[in-house]
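Trainee: What shape does this take:
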Amino acid sequence: MIQSIFILSPTGQVLIERHFRAKTPRSVCESFWESASVSLNHHGGVSTTSTLATDPHTLYDTVPPIMEISVEDHGGSIALYLFSILRDGLSYLAACPGEISPLLVIEFLHKLADVFVDYFGSPADESAIKDNFSTVYQLLEEMLDYGWPLTTEPNALQAMIRPPSVMGKIQSVVTGGSNAIVSDALPSGTISNMPWRRAGVKHHTNEIYIDIIEEIDAIVDSVGNVISFDVAGSIQVQSNLSGIPDLLLTFKDPSVIDDCSFHPCVRYSRFEMEKVISFVPPDGNFKLMRYRVTPNTLQMGFNPPILCSPQLVYGNTDKSFKGDSSSSALSGSIIVDITARSISSLFYLTQKKASVEIEDVTVTIPFHKCVKTANLSVDMGQVLYDEAGKVAKWVIGNLDERKRPRLTGTMALDGNKRPDENTPLSLTWKIPLSSMSGLSVGGLSVTHETYKPYKGVRNIAKSGRFQVRCASN
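Mentor: The predicted structure follows:
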């Protein structure tokens with residue numbers, strides 16, 4: 001069971017503290033923050049104090065998601081298990097006094113962060129939490145019952161606790177009370193066999209959109225050779241359908257799906273027998289399923305659609321480096337070349353009439369701690385260097401085969417010692433209407449309702465934890 005929930009700001013300040021059993025001392029937060037603040041990032045976020053804290057993927061990570069921490073209790077010492085995730089710059093902590101399924105706690109923390117996004121918008125960051133303290137505590141009361149997860153479906157929660165509105169904020173200012181409006185009655189879905197969908201849903205326009213998103217995790221060397229890779233996919237759905245529709249989703253080649261998990265609305269037994277997804281959807285946005293691509297599909301290897309060639313060179317002492325007042329400081333230079341490849345391992349679901357355009361290309365470059373300062377320049381996009389976090393973010397934007405962006409720069413090192421190793425670069429990109437596995441929708445039918453909704457389906461291939469090793473001389 002969960003004993004306490006803490007939410008920490010990007011600077012380690014405790015924003016939310018809620019105890020469900022015994023009271024957990026705040027010293028557990030201090031112990032956690034000592035580990036979290038040492039590294040560049042933790043659990044997928046760039047430096048907690050960095051102005052570039054927008055990359056959702058790991059550069060390097062020294063904070064385990066589960067920590068065992070000893071705390072003082074009535075003159076003795078007891079051990080607590082501290083679970084943690086990082087979302088939108090906030091650290092979500094759950095303290096548990098005994099053995100518990102770790103995935104249960106971590107999944108609940110992610111669900112809590114997702115609910116905050118549904119209520120407060122994206123990103124659900126420090127300012128959103130501070131503006132809605134009362135709503136946050138009301139949500140925690142409904143989502144956990146004596147430390148056990150209870151109501152986690154957004155539709156059921158919104159029927160009990162209304163999302164913040166302009167009128168609610170005006171009312172709270174006038175009356176001096178809370179802007180969280182709590183219903184006295186349980187939602188209709190609570191006592192039904194479909195708690196994820198409220199009763200009496202009506203929409204003027206009935207429509208449903210399905211996104212098949214596949215993320216590619218890869219480690220690539222400096223010349224483009226793939227050292228290791230993996231592919232994980234998810235199906236995101238935006239449903240605006242009236243009544244209680246029953247949907248049936250079929251695939252053209254379901255054999256590529258492996259190790260899948262589903263939203264509670266899916267009838268799992270039917271997928272096991274027929275490899276189709278039958279479900280009554282929640283109203284709004286939700287994740288229908290997650291899956292991995294079968295090893296047989298990946299046997300042919302992976303040829304990335306984008307080539308990143310970084311190179312670091314450390315020279316002799318340099319007295320003329322700008323911004324360095326030292327008489328003998330070791331200097332260095334960096335060059336990063338980006339190229340879009342015409343041939344890759346992706347399946348393109350439409351006929352290519354021109355070169356493929358790669359969207360939202362970003363390169364995150366972490367520098368060694370011994371780098372004192374860096375002067376960087378690019379011929380495409382823009383680059384920002386965070387002096388405190390020792391990390392640079394190069395935002396390129398859209399890229400095709402005709403463009404050859406390059407980053408160049410010089411560095412001044414603190415002292416005369418060369419770095420032992422270079423931290424890998426992190427690359428993000430996205431290609432619409434493409435897929436690594438070739439999975440595509442065969443059909444989507446709606447029954448138990450008379451209307452014919454608008455249906456939209458698309459595939460997206462994007463980078464997950466895509467790291468590029470850096471060559472050095």
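Trainee: Could you use CA atoms for every contact and neighbour count after this?
Mentor: Noted.
Trainee: ranges for the helices of the stretch 301-450 of the chain?
Mentor: Assigned helices in the stretch 301-450 of the chain: none (criterion: DSSP state H, counting those that start in this stretch).
Trainee: And the strands in it, which stretches?
Mentor: Residue ranges of the strands in the stretch 301-450 of the chain, as given by DSSP state E, counting those that start in this stretch, are 306-318, 329-340, 347-348, 358-366, 371-378, 382-386, 391-399, 406-413, 425-432, 434-435, 441-447.
Trainee: For the longest helix seen in the chain, give me every contacting residue.
Mentor: Ordering each helix of the chain by length in residues (DSSP state H) puts helix 102-120 first. Contacts to helix 102-120, defined as C-alpha atoms under 8 Å, 6 or more residues apart in numbering, come from residues 2, 66, 83-85, 87, 92-94, 123-124, 128, 136, 149, 152, 154, 163-164.
Trainee: Quick one: buried ones out of those?
Mentor: Neighbour-count burial (16 or more other C-alpha atoms under 10 Å) applied to the contacts of helix 102-120 gives 2, 66, 83-85, 87, 92-94, 124, 128, 136, 149, 152, 154, 163-164.
Trainee: Can you give me the end-to-end span of stretch 218-225?
Mentor: 10 Å (C-alpha to C-alpha, to the nearest Å).
Trainee: again, but for stretch 82-98
Mentor: Stretch 82-98: ends 10 Å apart by C-alpha to C-alpha.
Trainee: swap in stretch 195-206?
Mentor: End to end - C-alpha to C-alpha - stretch 195-206 spans 21 Å.
Trainee: for the record, mean pLDDT for that stretch?
Mentor: Averaging pLDDT along stretch 195-206 yields 88.
Trainee: any idea how far it is from the chain center?
Mentor: Here stretch 195-206 is found 28 Å from its chain centre; the criterion is C-alpha atoms, centre = their mean, to the nearest Å.
Trainee: Give me the subset of the buried ones among the contacts of helix 102-120 that lies in helices.
Mentor: 128, 136, 154.
Trainee: so which of the residues you listed comes closest to Ala22?
Mentor: Within these, proximity to Ala22 (C-alpha to C-alpha) peaks at Val136, which comes in at 20.3 Å.
Trainee: State the distance from the closest one to Gln311.
Mentor: In this view, Val136 and Gln311 are 47 Å apart by C-alpha to C-alpha.
Trainee: which is the next helix or strand following the lowest-mean-pLDDT helix or strand in the chain?
Mentor: Least confident helix or strand, the chain: helix 166-175 with a mean of 59, by mean pLDDT, DSSP states H and E. Note on helix 166-175: by DSSP states H and E, the next helix or strand toward the C-terminus is strand 207-220.
Trainee: Give the buried residues for that following strand.
Mentor: For strand 207-220, by 16+ other C-alpha under 10 Å, it's 207-208, 210-220.
Trainee: Can you report phi and psi for Val280?
Mentor: Val280 adopts backbone torsions of phi -100, psi 110, taken as degrees, to the nearest 10.
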